[in-house]
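1. Quick one: sequence and predicted model below, then my questions.
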Number of protein chains: 2
Amino acid sequence: MDTKFSVAVHTLILIAESKVPLSSEEIAQSVGTNSSYIRKVLGPLKKEGIISSRQGVSGFSLEVNPQDLTLLQIYRALNQNPFFDIHQNPSNKCIVGRHIKSTLTNLLEDMESAINNELIKKTLNDCILKMKKELTTEELKQI
Amino acid sequence: MDTKFSVAVHTLILIAESKVPLSSEEIAQSVGTNSSYIRKVLGPLKKEGIISSRQGVSGFSLEVNPQDLTLLQIYRALNQNPFFDIHQNPSNKCIVGRHIKSTLTNLLEDMESAINNELIKKTLNDCILKMKKELTTEELKQI
């Protein structure tokens, strides 16, 4: 698992909390990466309508209320494939090869559901509130 | 996520059910891959003491009773890293950058636990029993 998901949450907190639209360069500085990686992460979020950027205007805006944006929506925008995949070419000549897909399918679906259930419980706003609770008095003055 | 986990379960069912030790070439034929990939998957399982291979003797043996071998043990032998990782270099100069790790850590741990809870529920033997239930009369005669 790469860190695209955590980068996306970091970025969306920045966009949600910033008073001015942030460019990919500014976001990259906070995340500690380069702006092309940020654009790569933001592309699918834009495609899903979670954020927008207007032509001629620099920066990104959030299109969904943080209270309504679940971490599952963010995760699924970035990852279309299931967490656990089954190998594609088991041999039909072997009993185990013939039945491995149906044997593992339910099990992998259960794991998929367990992860989805965790991700759907939390919204972007939950992350923002959790972060705000941790801020020092000095930091609270800055926001 | 690659398919190492499903390949490992397939392979362990073969090893558990075979009356004779199977070579990586024979396993590869059933899985539909090459023997070097099978050896790559089996290496960590051997290191964890789940299977063994003896010098001079071709093939692998199961060292743990299938009833006692949870899918979590198999998964963790193959994947030492957590499912969800946090980006390593958020900026300390930014409030969000300073607090993103602590904000996301609990959440990612909850997801990790959810997956572990699913994987620990099932053993290799559960997979074998599930597969056997699906076999046709003709297939049952062959095992």
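-> Perfect, I can see it now.
2. quick one: secondary structure of residue A:84?
-> The local conformation at residue A:84, judged by DSSP: H, G, I helix; E, B strand; the rest coil, is coil.
3. neighbours around it, how many?
-> As a burial measure, residue A:84 scores 20 neighbours (other CB atoms under 10 Å in any protein chain shown). Just so you know, the C-beta spots here come from the backbone N, C-alpha and C atoms, and that holds for glycine as well.
4. do the same with residue A:88
-> 10.
5. Are we agreed that it is in a strand?
-> No: counting by three-state DSSP, residue A:88 is not found in a strand; it is coil.
6. So it is in contact with residue B:33, correct?
-> No: using CB atoms under 8 Å, residue A:88 is not in contact with residue B:33, being 9.7 Å away.
7. need the strands for chain A, in chain order.
-> A:51-52, A:61-62 (DSSP state E).
8. out of these, which comes closest to residue B:127?
-> Nearest of those to residue B:127, taken as CB to CB: strand A:51-52 at 42.1 Å.
9. What is the closest one packed up against?
-> helix A:35-47, strand A:61-62 (3 or more CB pairs under 8 Å, 6 or more residues apart in numbering or on different chains; DSSP states H and E).
10. how about a markdown table for those, with distance to chain B added?
-> A markdown table is the format used below for these (distance: least, CB to the nearest CB, whole Å):
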| stretch | distance to chain B |
| --- | --- |
| helix A:35-47 | 10 |
| strand A:61-62 | 14 |
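11. Dump the ones you listed into TSV; add mean pLDDT as well.
-> Below are the helices and strands packed on strand A:51-52 laid out as TSV (pLDDT from 0 to 100):
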stretch	mean pLDDT
helix A:35-47	95
strand A:61-62	92
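12. okay if I get these as CSV plus mean neighbour count?
-> Below are those laid out as CSV (neighbours: other CB atoms under 10 Å in any protein chain shown):
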stretch, mean neighbour count
helix A:35-47, 17
strand A:61-62, 17
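13. Show me which positions of stretch A:74-83 end up buried.
-> A:74, A:75, A:77, A:78, A:83 (16 or more other CB atoms under 10 Å in any protein chain shown).
14. Revised request: answer the last question for stretch A:44-59.
-> Buried residues in stretch A:44-59, counted by 16+ other CB under 10 Å: A:44, A:45, A:50, A:51, A:53.
15. what two of those have the greatest distance between them?
-> A:44 and A:53 (13.5 Å).
16. how much space is there between residue A:32 and residue A:43?
-> To residue A:43, residue A:32 is 20 Å away according to CB to CB, to the nearest Å.
17. before we move on, what about residue A:95?
-> 45 Å.
18. Could you do residue A:9 as well?
-> Residue A:9 is 16 Å from residue A:43, where distance means CB to CB.
19. now do residue A:26
-> Distance from residue A:26 to residue A:43, counting by CB to CB: 17 Å.
20. Relative to residue B:9, how far out is the residue nearest to residue A:98 when sequence neighbours are not counted?
-> Closest residue to residue A:98 apart from its sequence neighbours, by CB to CB, 6 or more residues apart in numbering or on different chains: residue A:92 at 5.6 Å. Using CB to CB, residue A:92 is found at 18 Å from residue B:9.
21. Tell me which of these two has more neighbours.
-> Comparing residue A:92 with residue B:9 by other CB under 10 Å, the one with more neighbours is residue B:9, at 25 against 10.
22. Next up, the contacts around that one.
-> A:100, A:104, B:71, B:74, B:124, B:127 (CB atoms under 8 Å, 6 or more residues apart in numbering or on different chains).
23. any idea which of those is closest to residue B:59?
-> Nearest to residue B:59 among the contacts of residue B:9, with distances taken as CB to CB, is residue B:124, at 17.8 Å.
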